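> okay, here's the prediction I keep looking at, along with the sequence it came from:
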Amino acid sequence: MQRVSVEKFSDLIGAVYDCVIAPERWAGVLEEVCTEFGFATGALSVASLTNMKAVVNAVAGSDLTQMSQNAIGYGPDIIELWGGAERIQQYPLGEPIVQSQAVRQDIISGNRYYREWAMPKGLFDAVAVGLVRDGTMVGNAIFSQHESAGAIDDAQLNGLRLLAPHIRRAVTISNLFDMKTVEAAAFSETVETLTVGVVLVDEESQIVHTNAVATAMLAAGDPILTRHGRIAVQSATTTTSLQSAIVQAAKDEAALGQKGIGIPILRGSGDPLVIHVLPLRRGHMRAGLIQRAAAALFVASASGPPQMSHVALNQLYDLTPAEIRIFELICEGHTRDAISGLLGVSVATVKSHLLHVFEKTGCRRQVDLVRLARSLIFPV
């Protein structure tokens with residue numbers, strides 16, 4: 001695969017965020033990803049666990065309708081093709097998992113979906129990226145490789161690794177809109193009807209507009225407040241992280257990455273909430289929604305207990321989801337070989353991620369990582 005230009009990659013990320021208010025554009029975005037990264041097909045699937053209905057179901061590539069229809073009848077086979085439900089739960093969100101590396105070849109070759117559907121189409125390998133996995137939703141993106149393109153390479157994986165946090169953010173925020181198209185002219189009216197707090201801010205984190213829910217939160221100073229005219233929360237560390245994400249969203253949304261995905265905060269009552277940051281400056285659909293607004297902040301209920309160690313590891317040390325997962329498994333006593341088998345990645349990949357963990361945290365030994373993990377059990 002040829003390297004995607006910075007400009008093209010930025011445009012692609014802009015298109016991803018436009019899907020927040022125009023979810024019917026997902027199929028077109030998947031087409032662009034397949035074209036730029038050299039995949040034959042792409043599929044984005046997000047399902048609600050509350051009503052068991054598809055929230056997003058978009059496909060791209062050859063034989064779109066047939067592929068979508070055929071996949072429905074192969075549900076259990078597709079799960080088996082990725083190592084089974086329990087194994088899938090172990091894969092870190094946002095990290096590309098190559099099928100041929102994660103699952104034994106004899107299992108793949110004997111799989112009904114692979115034999116009857118993928119292989120006859122020349123689709124010999126695939127890469128999956130987990131997007132969301134919580135108490136309310138489960139979702140992933142899967143891209144197939146045609147045999148004529150050769151093995152899935154590092155350029156394709158690195159591209160997906162950079163793109164993944166933006167897709168994760170877009171899917172999560174779009175769900176707050178119930179995945180309905182929002183007309184630009186009616187954006188302000190739409191956010192007023194949401195049951196989550198919405199705060200529109202400029203690049204200095206100064207408030208431009210709030211919906212009724214956010215206005216009540218600010219009036220109570222719980223869980224969000226203003227400090228020196230800027231949006232803030234009780235935790236100084238989290239405030240710094242939030243304001244940094246806003247600056248990044250205004251300056252270069254392509255570099256926003258993991259920042260601003262589900263920043264956890266607590267209400268005075270102890271109930272966990274999260275803040276999602278949506279860039280507004282770029283893109284055909286988002287630009288000009290609200291004058292002066294650089295980002296929209298969505299203050300929503302968390303789907304489960306806050307995972308403060310995850311947040312601290314990301315905010316303080318800029319660890320990626322894959323690095324955090326390996327950090328956890330190392331602290332649980334797993335060897336590098338065991339982690340390789342558990343996550344479906346090579347031992348070399350595990351070593352590379354672990355090296356990054358040591359470099360970013362300043363730890364030299366695994367015992368130091370264990371001590372660090374214990375210190376991050378509580379909010380920092």
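That came through, no problem.
> going by C-alpha atoms from here, please, whenever you check contacts or count neighbours.
Noted.
> from what I see, N57 and G42 are in contact.
No: using CA atoms under 8 Å, N57 makes no contact with G42, being 10.9 Å away.
> neighbour count for these two, which is higher?
G42 (26 against 17; other CA atoms under 10 Å).
> next up, the contacts around the residue nearest to the more buried one when sequence neighbours are not counted.
Spatially, and ignoring its direct neighbours in sequence, G42 is nearest to F143 (4.4 Å; CA to CA, 6 or more residues apart in numbering). Applying CA atoms under 8 Å, 6 or more residues apart in numbering to F143 gives the contacts 34, 39-43, 126-128.
> ok so F143 is a helix residue?
No: read with DSSP: H, G, I helix; E, B strand; the rest coil, F143 is strand and lies in no helix.
> tell me how far it lies from L30.
9 Å (CA to CA, to the nearest Å).
> residues shared between the contacts of the two?
Both F143 and L30 are contacted by 42-43, under the criterion CA under 8 Å, 6+ apart.
> helices of the stretch 201-350 of the chain, start to end?
For the stretch 201-350 of the chain, the helices defined by DSSP state H, counting those that start in this stretch cover 212-220, 236-251, 308-317, 321-331, 336-343, 347-361.
> would you turn those helices into JSON lines with mean neighbour count and mean pLDDT?
As requested, those are exported to JSON lines (neighbours: other CA atoms under 10 Å; pLDDT from 0 to 100):
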{"stretch": "helix 212-220", "mean neighbour count": "17", "mean pLDDT": "95"}
{"stretch": "helix 236-251", "mean neighbour count": "20", "mean pLDDT": "87"}
{"stretch": "helix 308-317", "mean neighbour count": "19", "mean pLDDT": "62"}
{"stretch": "helix 321-331", "mean neighbour count": "20", "mean pLDDT": "86"}
{"stretch": "helix 336-343", "mean neighbour count": "18", "mean pLDDT": "88"}
{"stretch": "helix 347-361", "mean neighbour count": "16", "mean pLDDT": "90"}
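> now those in JSON lines, please, with extra columns for distance to D106.
Shown next, in JSON lines, are the helices of the stretch 201-350 of the chain (distance: least, CA to CA, whole Å):
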{"stretch": "helix 212-220", "distance to D106": "54"}
{"stretch": "helix 236-251", "distance to D106": "45"}
{"stretch": "helix 308-317", "distance to D106": "36"}
{"stretch": "helix 321-331", "distance to D106": "27"}
{"stretch": "helix 336-343", "distance to D106": "16"}
{"stretch": "helix 347-361", "distance to D106": "20"}
